[in-house]
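Undergrad: return a 3D structure for these sequence lines:
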Amino acid sequence: EAATRSTSASSQRFDPPTMEWICSDPHKLDPYEKTSVSVKYSRLSGEGLFSTRAAPVNTLVAYFSGYKVPVDWLETNWTASMGGEDIVHSLAPGDSKLEEFIYRKSYLIALDREHDLDMPPEIGKDLSLYQATLGHKVNHWFKPNCYFGWAVHPRFGRIRSIVTLRAVKAGEELTVDYGYTI
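TA: Okay, here's the model as predicted:
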């Protein structure tokens, strides 16, 4: 169970994501995240998510929302756009079309058995387009200090979250293990 703390008396209108709708105001910062995380240059890769305060183990530090899409939606559409499974299975490792698909999937996270949360890279990489939640900015590390949890958010409903695996210091980069194999 993850701990959170109250940050303001402001109210939030329920605005859950759908396949066509990420949220009504993608520039409205989450009031809790304003006090817990910031996005900065990362030594690991591009931008990263950093704790703005010390946080003990099992603390929810950030949220991860996006378009709510059916499981395998992205792969099904990509396979169809490529001309079918036979063509997809014929692609060799390193093929530019396969690499583009892998990159496109980089901001996709499982939500439940029926749905994923999809943050298209062109949106997720640009805070001027989306900053309503910042969990998509967390980088991979094989020895992470956080994990992907679940949360019921007052604005977005059931989404994913970033939760500390151990105590983190103010200013420390937050990382999760994406499940990559070496």
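
Undergrad: does the residue of the chain most remote from its centre sit in a helix, a strand or a coil?
TA: Distance from the C-alpha centroid of the chain, by C-alpha atoms, centre = their mean, peaks at Asp86 (31.1 Å). Three-state assignment for Asp86 (DSSP: H, G, I helix; E, B strand; the rest coil): helix.

Undergrad: contacts for the helix or strand bottoming out on mean pLDDT in the chain next, please.
TA: Lowest on mean pLDDT, DSSP states H and E among the helices and strands of the chain sits helix 96-104, with a mean of 88. Helix 96-104 is contacted by residues Leu74, Glu75, Trp78, Met82, Leu91, Ala92, Pro120, Pro121 when judged by C-beta atoms under 8 Å, 6 or more residues apart in numbering. In short, each C-beta sits where N, CA and C put it, glycine included.

Undergrad: these: which two are farthest apart?
TA: Ala92 and Pro120 (25.7 Å; C-beta to C-beta).

Undergrad: which of these two has more neighbours?
TA: Pro120 (17 against 6; other C-beta atoms under 10 Å).

Undergrad: which residue is nearest the centroid of the protein?
TA: His136 (2.8 Å).
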